[in-house]
Structure formats: structure tokens, C-alpha cells
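Participant: can you look at this prediction? I've put the sequence above it.
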Amino acid sequence: MLEKKMEEINTDEVIEEFEALTKDAGTVQRETLERILEENGSAEYLQNLGLNGRTDPESFKSCVPLVTHKDLEAYIYRIADGDPSPILTGKPIPNMSLSSGTTQGRRKLVPFNDELMENTLQIYRTSFAFRNREFPLEKGKSLQFVYSSKPGKTKGGLGAGTATTNLFRNSKYKNGMKAIQFQCCSPDEVIFGPDFHQSLYCHLLCGLLFREEIQFVFSTFAHSIVLAFRTFEQVWQELCDDIRGGELSSRVTAPSVRMAMAKLLKPSPELADLIRKKCSGLSNWYGLIPELFPNAKYIYGIMTGSMEPYLKKLRHYAGELPLMSADYGTSEGWIAANVNPKLPPESATFAVLPNIGYFEFIPLKNDGERLYMDPKPVGLTEVKIGEEYEIIVTTFAGLYRYRLGDVVRVMSFHNSTPELKFVCRRNLILSINIDKNTEKDLQLSVEEAGKLLAEEKLEIVDFSSLVDLSTDPGHYVIFLEITGEPSEEVLKECCDCLDRSFVDAGYVSSRKVKAIGPLELRVVRRGTFQKILEHYLGLGTVVSQFKTPRCVGPMNSKVQQILCNNVAKTYFSTAF
Ligand code: AMP
């Protein structure tokens, strides 16, 4: 039934459904909580908390504590190890998702079930309907830089992979994606290929072969799209050779991938000449994407939060083509859809779908000096415009009052559901004493330094940081990978600029009294961040899930080692 309905998706209907759902988000939230607690009332976790079958928000909040992943780990591992009893959910959990681990340095296991699959499709359908109303797609395909991790198993035999791998493997996914014209131009063998470099090369090749049909370019995170076109700059001539001769480069060795590509490739000297001409005519690759894919309507992927630093490069490749920021979700569950596709990524918001989970918000208050938490969370419809909150989710997959660790700002309301802006991960990343700087603060500081480099026509490829306590006092270290060869003068200026751009009162006052030492800029060699990516791929992360770790803690010694072993130049700030 569902699959039939999916194929007949009607965008007006989907928008109407969303409008109806958000009219009285408060009631939908109560009903959603009721459903979650009824379906999972027999779970040991809930039984132990003494809910005794009650499903109202008041009883729920008084019985169930706020938790983090660490609090649930013992339960999750019992499920993963094969304990079939109802532990977190009424029905058995069939799969586990592995979060990227790039933020924490360690991959987390979280439950994945059919309900999460349905939620995913609902989110995708909703944002597609709004997107398609503004930027209608014609019949065709999409170029998707998607990669599936090797399907694994937990000790107890449950499927284990990234959340996207769990989606790809679900039988409902393909139909659902077809309904929203989300058909990848590459064959499955490329998506499921054993080696990311080979898959990326073949995605590019497939994109070129179907260039007239490509309606949009996608990857889960903007980082992978930028990485793909940076790679294109390196391999485009080889791609042209393959197209000309109708034979795949020997760099692709996986037999399954070679076989699938052989079915698509035939000698096409005209296409090879055309691409060569187009590439040669570009100035510094500006507008590459629309040049290659003349019928593409937009570029789609998560471009907010830790992806913002890649926007500049993405815009360069995109030329005039609109950038559209994708929805807000996590391995633990989905939260909100982008229903304002016309907004540029910097101001993208996400409207919470009130029937996919039960949402609470911990108010984050600023007393002028620092951010502190009001311990009493508020409900979805009680949040206030302009305020920041840490988000708490209760899902259909066994997470109850779970702190995701993300900070969001309420920008507006769509009917009665809030539209959120993603602010940052809650974890403070840089802190020595009274200073508190988040990922966002670091991003802003790097952006300022980036402006100095841009004046010299140089770009920041990627960045990270750490707190160095081996000096007395301790100090911040910022790692930058930069294109080209900046002069000593510019780099010294960048270093001072980075230091000055952390405007947190605790940092500035500590710097002034020398309770924090001068900021250190370490310029790393080209390719260093590629090595970090490779390191995570080695741990089983897939490229489309990868987020560069913006602060490298002492536990993340391997990444620290990669960064420190590749330092080309070091500067200390003289800003204070
Ligand atoms: P993972 O743990 O690998 O599933 O990644 C989920 C995390 O990615 C979230 O907790 C957010 O921090 C981040 N994320 C997901 N969607 C977005 C978005 N639309 N904008 C910014 N960050 C996002």
C-alpha cells in the first residue's frame, strides 16, 4: 500500500498534510508521545522507571530522566549483543546505526528500526514537496556523491552500518526515493563499491555520461560535494580519456564496479571533446557544475553548521546555480525539514515535524559573560523566537529524553511548529579556564582569517584546533590547510586575526592578563585533511557522513598525530 502511494506522490497533498500536521503541533506532540509510550510500554527501560502505563507528558517528564548516550550504552550493547527481550523498545530492534564519530572521536551505536525509516521518508517527502514547488524538477536523474559502508553485523547478529547504509538497505527506500525523483545516475555497484576513491571517480564519470539528464547534484554533507569537484580538477582529463575510448581507467580495480561501468561506457569522442572544451574554457573552475550539467536546477545537501566553511568553495563551483540546504537529522532520529528552500544556506531553517518524535528544549541563557542552562526543559510549542536551546529527543526507536548535544535557535514558527536554525554542537570545544568557545566561535574566527587570505587569492581548505596545555599558561592551537603559498607577513596577520576574533569575554580577559598564552597558528601541508579523512574511512566511516573534527581532544591521539606530523609553519600571535 505504502509503496504504491509513494509512487504517486503529489506535492500539493504532501504540503497540505504538513500544513495540517503543524496547525496544532502541541496536540500532535501529545499524541506522538502517547503512541511512543504505548508501543514501547513493555520495554524494560520504561518499566523500571515506574511509568505504569501512563502516557501523558507530565508523568513522562517526572518519571523519565534526561540522558546522554553514555547513560544508555549498557542497554544498547545488550541489544547489539543479541539479548532478544524488550529492552528499550517493545518490538525487537533489527539494526544498529553507527554515528560518524567525527565530533566525538568515537563512533556511537544507536538503534535503527522501521519507524525511523518511515520518519526519514516523511522528512524527505516534505522538503521535496516544498523544494519542488519552487524549483520543479523535470524527468531525469541526479548526480549523488553517496557511499555505503560495508554492511556489518553486531555480536548478536543485528545489521550494523551508518544510518545512510541502513536506509539504502531498506526495501522501502528505493521506492520512496523514486517518488521524489531522487534516482542516482550511478549504478548500485558504485554506491556500494569497496573503495571510496574508486566510487567517487565512477560517480563523476556517470555524471558526465548522463550530463544532459542530471537534474540536481547531491551529497549528504556539503563537504563531500566540494571534495568531489576538487577531485574532478585532478582527474578530469582521465575521465575524458575514458569517455573517448569507452574504457574505464585502470585506477578502478573492483570487479563489481568495473563490470557495472562497462555496461554504461562506450566510445564517445564527441562527448569527450565537449567536456574538454568546457573545462578549458573555465576560469579557475568557476561555475564548473552548471557547465558540466546544463539542466541541473540546484545543488542539495546539508550546508549548515559545520558545513558552512565549505560554502565559499561550493558557490565557486556552483556559479549561479542555487544551493539548497538539506534537512536536519541525526543517526538517532530525524528532527526537522527545510520548508523554505529559497533561503540561502546561511539563513536556512528547519521546521520540526511534530509526529516523528517527542521534542523538548533546554533553554540556554546568556548572563552577559557565559552561557548557562536553565534546568527545566520546555515543550515544542513553548519555545520562544530568538532564544537558543539544547534539543532533547524521544524517538520511536528507544531513546527517551535523549540529549543530542546540538544547540538550535528558534527563528520563527510555521503554523505552530518552530523553525530552527542549527547553531552548533553543545560541547565546548576550546576552553582553558574561564574561556568558553564553541565550534561556531572557532568557525567565525577562521572566517575572519580567511578574509585576509582571500585578499591574496588564497583559500582555506580545512581547519581544526586543539588546546595545548603543555605550555604554561595553556594556549589555543589552530591548524589551517591553505592553497598556494601565503607570505610570512600574511600568515602573521592571520595568526593575530585568529586570536583577536575569539570575542568570548572569558577568552579576551584571560588573554589580557596572560592566563591564556598567545594563540598558535600551525599551517599544515596540502593533503593533511585528506589524511584525516582516510583515517576515519579506515575506521569504517563513510565519506558522505564525514565531518572534520574541529577540535582534537587528547583522546583523539591519531588525528592529533596526523596534524602535528604535517606542520609546515608555526606562528604565535602578538595580538595581545
Ligand atoms: P551523526 O551523529 O553522524 O548522525 O551526525 C548528526 C549530527 O550532524 C547532528 O547531531 C548535527 O550536529 C549534525 N547535523 C545534522 N543535520 C544538520 C544540519 N542540517 N545542519 C547542521 N548540522 C547538522
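Facilitator: All right, it came through fine.
Participant: centroid residue for the protein?
Facilitator: Nearest to the mean C-alpha position of the chain, by C-alpha atoms, centre = their mean, lies residue 221 at 4.8 Å.
Participant: how far away is the nearest residue to it once chain neighbours are set aside from the ligand?
Facilitator: For residue 221, ignoring the flanking residues on the chain, the nearest one in space by C-beta to C-beta, 6 or more residues apart in numbering is residue 302 at 5.0 Å. Quick note: C-beta positions are derived from backbone N, CA and C, even for glycine. Counting by C-beta to the nearest ligand atom, to the nearest Å, the separation of residue 302 from the ligand is 4 Å.
Participant: what's the burial count for residue 302?
Facilitator: Counted with other C-beta atoms under 10 Å, the neighbours of residue 302 add up to 23.
Participant: the residue nearest to the centre of the chain reaches residue 547, doesn't it?
Facilitator: Yes - applying C-beta atoms under 8 Å, one finds residue 221 in contact with residue 547, separated by 6.6 Å.
Participant: mutual contacts of these two, please.
Facilitator: Listed as contacting both residue 221 and residue 547 by C-beta atoms under 8 Å, 6 or more residues apart in numbering are residue 307.
Participant: count of neighbours near the residue of the stretch 101-250 of the chain found nearest the ligand?
Facilitator: Nearest residue of the stretch 101-250 of the chain to the ligand (C-beta to the nearest ligand atom) works out as residue 163 at 5.7 Å. Applying other C-beta under 10 Å, we find 25 other residues in the vicinity of residue 163.
Participant: how about the one 5 residues further on?
Facilitator: Here the number of neighbours of residue 168 (other C-beta under 10 Å) works out to 20.
Participant: which SSE is it in?
Facilitator: Counting by DSSP states H and E, the element that carries residue 168 is helix 163-169.
Participant: tell me what that helix is packed against?
Facilitator: Helices and strands touching helix 163-169, by 3 or more C-beta pairs under 8 Å, 6 or more residues apart in numbering; DSSP states H and E, are strand 95-98, helix 114-134, strand 159-161.
Participant: try 6 Å
Facilitator: If you count contacts as 3 or more C-beta pairs under 6 Å, 6 or more residues apart in numbering; DSSP states H and E, helix 163-169 packs onto strand 95-98.
Participant: neighbouring strands of the strand it packs on in the sheet, and parallel or not?
Facilitator: When pairs are called by DSSP bridges, strand 95-98 turns out to pair with strand 109-112 (antiparallel), strand 159-161 (parallel).
Participant: before we move on, the earlier item: I figured the residue of the stretch 101-250 of the chain closest to the ligand hits residue 331, correct?
Facilitator: Yes - using C-beta atoms under 6 Å, residue 163 is in contact with residue 331, at 4.3 Å.
Participant: tell me, what's touching these two both at once?
Facilitator: Residues touching both residue 163 and residue 331 (C-beta atoms under 6 Å, 6 or more residues apart in numbering): residue 97.
Participant: where do the helices sit along the stretch 251-400 of the chain?
Facilitator: With helices called from DSSP state H, counting those that start in this stretch, the stretch 251-400 of the chain shows them at 255-262, 269-280, 288-292, 311-318.
Participant: can you check the stretch 451-576 of the chain too?
Facilitator: For the stretch 451-576 of the chain, helices defined by DSSP H, counting those that start in this stretch occupy the ranges 488-501, 505-512, 528-538, 557-565.
Participant: the stretch 1-150 of the chain now?
Facilitator: Per DSSP H, counting those that start in this stretch, the stretch 1-150 of the chain carries helices over the ranges 2-7, 11-23, 25-39, 44-48, 57-63, 69-80, 114-134.
Participant: most tightly surrounded among these?
Facilitator: helix 114-134 (a mean of 21; mean count of other C-beta atoms under 10 Å).
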